[in-house]
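> Following is a predicted model, sequence given first.
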Amino acid sequence: MQAPTQPQVLAGQKALVTGGSSGIGAGVAVALAQAGADVVVAYHSSADGANEIVAQIQALGRQARAVKADVSCRDDVQALFEQSIAAFGTLDILISNAGLQRDAAFVDMTLQDWQQVIDTNLTGMFLCCQLAAREFLRRGPRPVSRALGKIVCMSSVHEVIPWAERANYAASKGGVKLLMQSIAQELAPKRIRINSIGPGAIKTPINREAWETPEARDKLLELIPYGRIGEPEDIGRAAMWLCSDAADYITGQTLFVDGGMTLYPEFADGG
Ligand code: BGC
């Protein structure tokens, strides 16, 4: 068995990560397990990817399950939560991470391009956050954490940076920002903490085109003052910390994990 590499700040906690079979979701699922959590890895299409992450988590000595669900489908989300709670007894942490892009020039964007992105990135987040909050309230306080429950919404730098040819995606992330803040305001008195992470360019399948050739990589690096493309582990560590009691006084915030992408790097040489 691989030795844990992180302090066990999430010991005894039960987490659900949507979009957990690859990319940022996979990185977060493993990071939470390294910190002591048992994890449900929810996936849309890649059973192999999800099973691989489950195996990695089990090798850390934690429990894990792969569950298939389309987060934009109410019945799927209901079944996902039922299966997760049946497996682990309850949930302490939701990482609402599942998301996709369907890029198109605005004048050519189809209603389907628009709808698919809003349905998964925003409506899916609404459905998952609602069921997580209901479960936290149903089961009441647990000794594993100061909060009744924690939610991390996976947003993007594009909740603040407009993005040409991705109006659907940027609109979904702008929506995530005020969804997160509104429910954080509403549920803080119940001791439910809800925050977002705003990743910048993280090396995952969603943005392969932006980093796979040296030319694309150089162009992308111009947007990242810190001079490297992010890794899923960068987001995993941030999520682990936000869910831990070390962040117990933090709610309603977006933590940008972006190597400075939101710092208007074009202005570094004068305006
Ligand atoms: C997008 C990526 C993009 C990054 C920075 C993310 O939210 O999904 O495709 O590389 O933002 O622009």
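Perfect, I can see it now.
> For the helix or strand Ala210 falls within, enumerate the helices and strands it packs against.
Using DSSP states H and E, Ala210 sits in helix 208-211. Under the contact criterion of 3 or more Cβ pairs under 8 Å, 6 or more residues apart in numbering; DSSP states H and E, helix 208-211 touches helix 214-221. In short, each C-beta sits where N, CA and C put it, glycine included.
> what's the helix holding Ala210 in contact with?
For helix 208-211, contacts defined as Cβ atoms under 8 Å, 6 or more residues apart in numbering pick out Ala201, Lys203, Ala216, Arg217, Lys219, Leu220, Ile229.
> how long is stretch 148-157 end to end?
When the termini of stretch 148-157 are compared using Cα to Cα, to the nearest Å, they are 28 Å apart.
> Now look at it and say if it contacts the ligand.
Yes - counting by Cβ under 6 Å from any ligand atom, the ligand is contacted by stretch 148-157 at Ser156, Val157.
> Report the mean per-residue pLDDT for that stretch.
Stretch 148-157 shows an average pLDDT of 99 in the prediction.
> The closest residue to the ligand within the stretch 51-200 of the chain: what's it in contact with?
Nearest residue of the stretch 51-200 of the chain to the ligand: Ser156, at 3.1 Å (Cβ to the nearest ligand atom). Residues in contact with Ser156 (Cβ under 8 Å, 6+ apart) are Tyr169, Lys173, Val176, Gly198, Pro199.
> I'd say the last one and Val157 touch.
Yes - in this structure, Pro199 sits in contact with Val157. The criterion is Cβ atoms under 8 Å, and the distance is 7.1 Å.
> now, among the contacts of Ser156, which is nearest to Tyr249?
Tyr249 has its nearest neighbour among the contacts of Ser156 in Gly198, at 19.6 Å by Cβ to Cβ.
> Name the residues linked to the closest one by a beta bridge.
Counting by DSSP bridges, Gly198 forms beta bridges with Phe256.
> List phi and psi for Gly200.
phi -90, psi -140 (degrees, to the nearest 10).
> My guess is it contacts Phe256. True?
Yes - Gly200 lies in contact with Phe256 (Cβ under 8 Å); the separation is 7.1 Å.
> Next, format the contacts of Ser156 as CSV and append pLDDT.
Putting the contacts of Ser156 into CSV (pLDDT from 0 to 100) gives the following:
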residue, pLDDT
Tyr169, 98
Lys173, 99
Val176, 99
Gly198, 99
Pro199, 98
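> Apart from its chain neighbours, what residue comes closest to Gln253?
Asn195 (5.1 Å; Cβ to Cβ, 6 or more residues apart in numbering).
> residues contacting the one you found?
Per Cβ under 8 Å, 6+ apart, neighbours of Asn195: 151-153, 180, 184, 242, 247, 250-255.
> Only the buried subset of these, as a PyMOL command please.
Remark: buried members of these, expressed as a PyMOL selection using 16 or more other Cβ atoms under 10 Å:
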select buried, resi 151+152+153+180+184+242+247+251+252+253+254+255
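> Export the contacts of Asn195 as JSON lines, with columns for secondary structure.
As requested, the contacts of Asn195 are arranged in JSON lines below (DSSP: H, G, I helix; E, B strand; the rest coil):
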{"residue": "Ile151", "secondary structure": "strand"}
{"residue": "Val152", "secondary structure": "strand"}
{"residue": "Cys153", "secondary structure": "strand"}
{"residue": "Met180", "secondary structure": "helix"}
{"residue": "Ala184", "secondary structure": "helix"}
{"residue": "Leu242", "secondary structure": "helix"}
{"residue": "Ala247", "secondary structure": "helix"}
{"residue": "Ile250", "secondary structure": "coil"}
{"residue": "Thr251", "secondary structure": "coil"}
{"residue": "Gly252", "secondary structure": "coil"}
{"residue": "Gln253", "secondary structure": "coil"}
{"residue": "Thr254", "secondary structure": "strand"}
{"residue": "Leu255", "secondary structure": "strand"}
